[in-house]
Each structure stands twice: as C-alpha cells, then as structure tokens.
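*Asks:* using only what follows, build the 3D model:
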Amino acid sequence: MGALRVLMKRSLSTSKPYLTPNHPSLTFATLHQYHNRRNLFLHHSASDFVKLHKLSATDSACYRDCGDLDRPGAKNAIGKEMLRGLTRAFEFINQESNVNVAMICSSVPGVFCAGADLKERRNMSQSEVKVFVNSLRSAFLYLEKVCIPTIAVIEGVALGGGLEMALACDIRICGENALMGLPETGLAIIPGAGGTQRLPRLVGNAIAKEIIYTGREINGKEALSLGVLIAIFSPFPN
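*Replies:* Just a heads-up that it's a prediction; the model follows:
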C-alpha cells in the first residue's frame with residue numbers, strides 16, 4: 001500500500017497534455033496496425049503475470065508500450081502478485097519519457113481479464129480483502145491519471161475488475177468475440193474498483209445501473225453502440 005500511496009500522490013498532479021486542442025490526435029488506423037509491427041521485443045517484465053513490450057512504428061519516431069496480461073491458468077484473474085505487477089507496469093509506463101502510447105492487451109486466447117481472483121480472495125481475512133480492494137482501486141485510479149494515452153485492447157471476456165481496468169483507460173477497442181460485464185451483484189457485492197463511477201460517465205446513469213444491477217454481459221456491438229468502445233476490430237492474422 002505504501003508504494004500505491006506514492007503513485008497516487010504523484011498521479012493526482014499529472015495532467016494529460018495530449019488532450020489539449022493543439023496536440024495531434026490519435027487515429028484508430030494507427031492503433032489497428034500495432035499488431036503488424038514485427039519489431040516487437042521484450043522491454044521490461046513487471047512480473048511473471050504482466051509483461052511490457054515496446055513496439056516501434058516503422059513510419060514514425062513514436063514508441064508504444066504494450067502491456068500483456070499473461071496468467072493463463074487463472075484467465076488473467078487479478079490476485080495480489082498480478083496487482084503488484086500491474087502497479088509496477090503503470091509506474092514504468094508513466095515514467096518512460098520516450099513512450100507516447102500504452103496498450104493493455106492479453107496473451108491468453110479468449111480472455112482479456114476475468115476480474116479479481118476469487119479463489120485467492122476466499123483465503124483472505126475481511127481486513128485483507130479491504131486492503132486488496134483499496135489497492136486495486138488505487139492502481140486503476142493511477143492508470144486513469146497516466147500522462148500518456150492508454151488503450152485497452154479487449155479480446156474475449158473482460159469481467160468485473162477486468163472491465164474496470166479497461167474503463168480506466170482512455171480508449172477501448174475490442175475484438176468480435178469480446179464480452180464485457182460487471183457481474184459482482186451475483187456475488188452480493190458491488191464493483192469496487194471504479195466501475196460504478198466510470199461506466200455511468202460513458203453510458204449514462206440509467207443504463208449503467210441496469211448493467212450493474214442485473215450483472216448481465218454485453219457483447220462488442222452493444223458496447224460500441226452504448227459508447228463504451230470506439231471500434232471493433234476483426235481477428236488479427238497469425
């Protein structure tokens with residue numbers, strides 16, 4: 001928690017200069033081409049479950065960091081170790097001066113992030129759960145304040161904390177097989193890492209309440225029509 005407090009304090013004073021009117025805008029065409037950059041190399045590992053790669057565009061001097069979620073045995077569920085990795089990754093991205101765009105992706109087929117690791121949570125005490133949820137909320141708030149554009153690239157399911165992480169990014173795009181939702185009410189809890197605040201800002205209070213209260217899942221087409229996403233992409237070629 002000490003590290004997260006430091007990150008939070010720093011992030012609150014950080015603005016996003018690319019949102020100023022005179023800054024060149026990002027185009028979806030540029031984002032869509034990132035997977036074709038074959039000069040991808042391992043740049044930094046935040047943890048065993050979160051890998052950072054740097055992608056350099058052949059047609060510009062711009063660098064992009066790609067954060068890969070890589071916990072296949074748990075469908076990228078966020079436990080304590082993965083949360084530490086995410087926090088380190090967000091900090092690294094924010095401090096790397098030659099990175100202009102950061103993308104959060106998944107290395108696990110069919111899954112972006114299944115949410116919090118409920119198996120791990122069953123072994124936590126009530127106080128430990130409180131600390132974990134507060135840490136998760138702080139990490140996503142820091143992600144929201146990162147000083148470069150952040151893009152969530154959603155392929156497969158993004159549920160609970162997984163969707164909340166995507167909502168903390170500036171831009172969300174998804175594959176044709178994407179499925180999103182905040183199913184916490186089915187467990188007699190509510191989204192605890194910012195979903196109740198960020199989703200209404202995108203879709204309005206009434207629709208956000210309906211999605212949260214029912215815990216239903218929405219596909220990419222509905223998410224696009226509601227304004228959660230900016231685009232749906234076709235599967236990338238192997």
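*Asks:* CA only for contacts and neighbour counts going forward, please
*Replies:* Fine.
*Asks:* Ile218 is in contact with Pro183, correct?
*Replies:* No. Counting by CA atoms under 8 Å, Pro183 stays clear of Ile218, with 11.0 Å between them.
*Asks:* where do the helices sit along this structure?
*Replies:* Counting by DSSP state H, the chain forms helices over residues 2-11, 28-32, 80-95, 118-121, 126-145, 161-167, 195-203, 205-214, 220-226, given from the N-terminal end onward.
*Asks:* just name the most buried of those helices.
*Replies:* Mean neighbour counts were compared across the helices of the chain using mean count of other CA atoms under 10 Å; the top stretch is helix 161-167, at a mean of 27.
*Asks:* and the average pLDDT for it is what?
*Replies:* This predicted structure assigns helix 161-167 an average pLDDT of 95.
*Asks:* same thing with stretch 184-195?
*Replies:* The average pLDDT within stretch 184-195 is 89.
*Asks:* buried ones in that stretch?
*Replies:* By neighbour count, and taking 16 or more other CA atoms under 10 Å as the criterion, the buried residues in stretch 184-195 are 184, 190-195.
*Asks:* which one of the helices of the chain lies nearest to Ser106?
*Replies:* When the helices of the chain are ranked by distance to Ser106, counting by CA to CA, first place goes to helix 161-167 at 10.9 Å.
*Asks:* same for that closest one, what does it pack against?
*Replies:* Helix 161-167 sits against strand 111-113, strand 150-154, helix 195-203, with contacts defined as 3 or more CA pairs under 8 Å, 6 or more residues apart in numbering; DSSP states H and E.
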